[in-house]
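# what shape does this take:
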Amino acid sequence: MKPAVEVLLIEVAMPIDKLTPLLDKKLHELAASGRLKGDETVTVSMVEPADGKGPRYLIEGHGKRPFLRMNSNSYLGLSFATRVLEAEEEAVRRYGAGPGAVRFISGTWAPHVKLEKRLADFHGRDAAMLFSSAYATVMGVLPQLITDSTLVLSDALNHNSIINAIALSRPAEKRVYDHLDYSEIMRQLGAFTKKCKRAVIVSDGVFSMRGDHARLDELMRLAKLFHPLYAEGVIVVADDSHGVGAFGKTGRGTEEVCGGAHVDVLIGTLGKAFGVNGGYVTAASSIIDYLRETSPFYIYSNPITPGEAEAARVAVDRVDSAEGEGLLAHLSAMGVRFRNGLATLGLETIPGEHPVVPLMVRDTERTKQLVAHLRDSGILATGLAYPVVPKGEDEIRFQISADHTGDDIDEAIAALAAFAEARAATA
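This next block holds a predicted model:
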């Protein structure tokens, strides 16, 4: 006879049999609708740059065949920078592999504090605060700034993290304005001055699917215009995760591109242009002090490791240097080269200066075929097809990196030209 405890464990485990068919059905629905992401590409190693070409990557299941990666957020290639790697290795030996606890217990290490100060200085703010990721930062910041008497205005193309953070916040009023429609923001701000005490305008800095950016200077102008009409004022929050480190002459992101306009609350990431991991928010000291005491995503989650923090600080230092400006200038030049190549082929893109360069295919099946063709040509790029994007907005999102060389860009353009020629031959 089995012990009673074993019988109890078997009985507790039984309900999964009822749940499994429901989960399988949902996965089948996702697959049928084209929304199933499926198996992830597994990168097994990096091949060092050689012969005028940037780094290549080996992919599980493809043996020794090297791939050109054009779907990475590592815009400056700093994740493989020697000094960044050395900084993390040295910090791991000194502080250990993990933080050991959440920060208010015993998880704050000297590298965390140094990095926060460095980020505040980099962005010209009073203070900064680290989170485990940029997604966690958005989720941990917005709900603390939104009350049941707050109007929230959100761009229609804002990131999923902003959408979910607003849902968690339960504001008095939420209005989603058409992409970059600032006249609509003005109308909505004027409509709720009596009903709401506070207004929060929230926007991506750079919009990750399109590579275009918000006019943060215009958002701040509207906020200042209506600020006296709200009892608790109007504030602007920007998530510039794709902008910081990769956009602007010195890498200050969308704020720099918009003439140095400072939003009230700026959210960024360490996991894209800076090449490491984690997210952060920077703002006035009063806001940061308040968030440290109230944000559950900060209070109850382990921070990034001390090693990651030290590596990120070195990465920020590198961006904020003459060498960094050189990387940014090369990144910009490669983006221009790629956009010019698309134009020469008569292909459609969205005008911009950011290293996200969307190729507007506008056809679901052709998008899938082109992604497969690029992969067969040794190029990794991400296709966004209906229903992930609206019908007719299907695209391939190319992401340029400072790791790319002119030969790399030409290789990608040649692959696109070959696809066009093959289609023309069979038309």
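# please give the number of neighbouring residues around Tyr386.
18 (other C-beta atoms under 10 Å). In short, each C-beta sits where N, CA and C put it, glycine included.
# contact partners for it?
Taking C-beta atoms under 8 Å, 6 or more residues apart in numbering, we find Tyr386 in contact with Gly34, Thr364, Gly392, Glu393, Asp394.
# same thing but at 6 Å, please
Shown in contact with Tyr386 (C-beta atoms under 6 Å, 6 or more residues apart in numbering): Thr364, Asp394.
# now swap in Leu78 and tell me
For Leu78, the contact set (C-beta under 6 Å, 6+ apart) comprises Val84, Gly275, Ala315.
# now do the SS call for the first one.
Counting by DSSP: H, G, I helix; E, B strand; the rest coil, the backbone at Val84 sits in helix.
# what of Phe67?
Phe67 - assigned by three-state DSSP - is strand.
# and it, how many residues sit next to it?
Residues near Phe67, counting by other C-beta under 10 Å, number 19.
# tell me what it is bridged to.
As for beta bridges, Phe67 partners with Tyr57 under DSSP bridges.
# residues in contact with it?
Here Phe67 is in contact with Tyr57, Ile59, Gly378, Leu380 (C-beta under 6 Å, 6+ apart).
# quick one: the second one and Glu48, what's the gap?
Shown here: Ile59 relative to Glu48, a distance of 17 Å by C-beta to C-beta, to the nearest Å.
# before we move on, what about the third one?
Taking C-beta to C-beta as the criterion, Gly378 is separated from Glu48 by 17 Å.
# higher neighbour count, the two?
More crowded of Gly378 and Glu48, by other C-beta under 10 Å: Gly378, with 17 against 8.
# give me phi/psi at the more buried one?
As for Gly378, its main-chain torsions (degrees, to the nearest 10) stand at phi 80, psi 30.
# now do the residue lying closest to it once chain neighbours are set aside, the pLDDT please.
With C-beta to C-beta, 6 or more residues apart in numbering as the measure, Phe67 is the residue that lies nearest to Gly378, at 5.3 Å, once sequence neighbours are left out. Looking at Phe67, its pLDDT is 98.
# one more: the one 4 residues further on?
With respect to pLDDT, Asn71 scores 96.
# over to the one 3 residues further on?
Among the per-residue scores, Ser74 holds a pLDDT of 96.
# so it touches Gly275, yeah?
Yes. Here Ser74 reaches Gly275: they are 5.2 Å apart, a contact under C-beta atoms under 6 Å.
# quick one: which of these two has more around it?
Using other C-beta under 10 Å, the more surrounded residue of Ser74 and Gly275 is Gly275, with 26 against 21.
# ramachandran angles for that one?
phi 80, psi 10.
# where along the stretch 251-400 of the chain do the helices fall?
Listed in chain order, the helices of the stretch 251-400 of the chain (DSSP state H, counting those that start in this stretch) span 254-257, 285-294, 296-299, 306-319, 322-344, 364-376.
# and stretch 359-368, end to end?
Terminal residues of stretch 359-368 are spaced 13 Å apart (C-alpha to C-alpha, to the nearest Å).
# swap in stretch 392-412?
Stretch 392-412 end-to-end distance (C-alpha to C-alpha) = 24 Å.
# other residues contacting that stretch?
By C-beta under 6 Å, 6+ apart, stretch 392-412 touches 52-55, 68, 70-72, 75-77, 327, 330-331, 334-335, 337-338, 355-364, 367, 379, 381-386.
# of those, which belong to strands?
When DSSP state E is applied, these are split such that Leu68, Val356, Val357, Pro358, Leu359, Met360, Ile379, Thr382, Gly383, Leu384 fall in strands.
# if any of those residues are buried, put those into a ChimeraX selection.
Only the buried entries of these go into this ChimeraX selection, using 16 or more other C-beta atoms under 10 Å:
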select :68,356,357,358,359,360,379,383,384
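# between the ones in strands among the contacts of stretch 392-412, which is closest to Val206?
Set against Val206, the nearest of these by C-beta to C-beta is Val356 (6.9 Å).
# quick one, phi/psi of the nearest residue to the closest one once chain neighbours are set aside?
Distances taken as C-beta to C-beta, 6+ apart put Gly211 closest to Val356, at 3.4 Å, once the chain neighbours are dropped. Per-residue torsions, Gly211: phi 80, psi 0 (degrees, to the nearest 10).
# how close does the closest residue to Ser295 other than its chain neighbours sit to Thr147?
Of all residues not flanking Ser295 in the chain, Gly140 sits nearest, at 4.1 Å (C-beta to C-beta, 6+ apart). Applying C-beta to C-beta, the value for Gly140 to Thr147 is 16 Å.
# between the two, which one's more packed in?
Gly140 (26 against 16).
# am I right that that one is in a strand?
No. Judged by three-state DSSP, Gly140 forms no part of a strand; its state is helix.
# isn't it up against Tyr298?
Yes. Judged on C-beta under 6 Å, Gly140 makes contact with Tyr298 at a distance of 5.4 Å.
# mutual contacts of those two, please.
Shared contacts of Gly140 and Tyr298, counting by C-beta under 6 Å, 6+ apart, come down to Phe131.
# just send the helices of the stretch 251-400 of the chain back as a markdown table, with mean pLDDT and distance to Trp109 too.
Formatted as a markdown table, the helices of the stretch 251-400 of the chain follow (pLDDT from 0 to 100; distance: least, C-beta to C-beta, whole Å):
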| stretch | mean pLDDT | distance to Trp109 |
| --- | --- | --- |
| helix 254-257 | 98 | 29 |
| helix 285-294 | 98 | 16 |
| helix 296-299 | 97 | 15 |
| helix 306-319 | 98 | 4 |
| helix 322-344 | 97 | 25 |
| helix 364-376 | 95 | 42 |
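# winner for burial among those helices?
The highest mean neighbour count among the helices of the stretch 251-400 of the chain, using mean count of other C-beta atoms under 10 Å, belongs to helix 306-319: a mean of 25.
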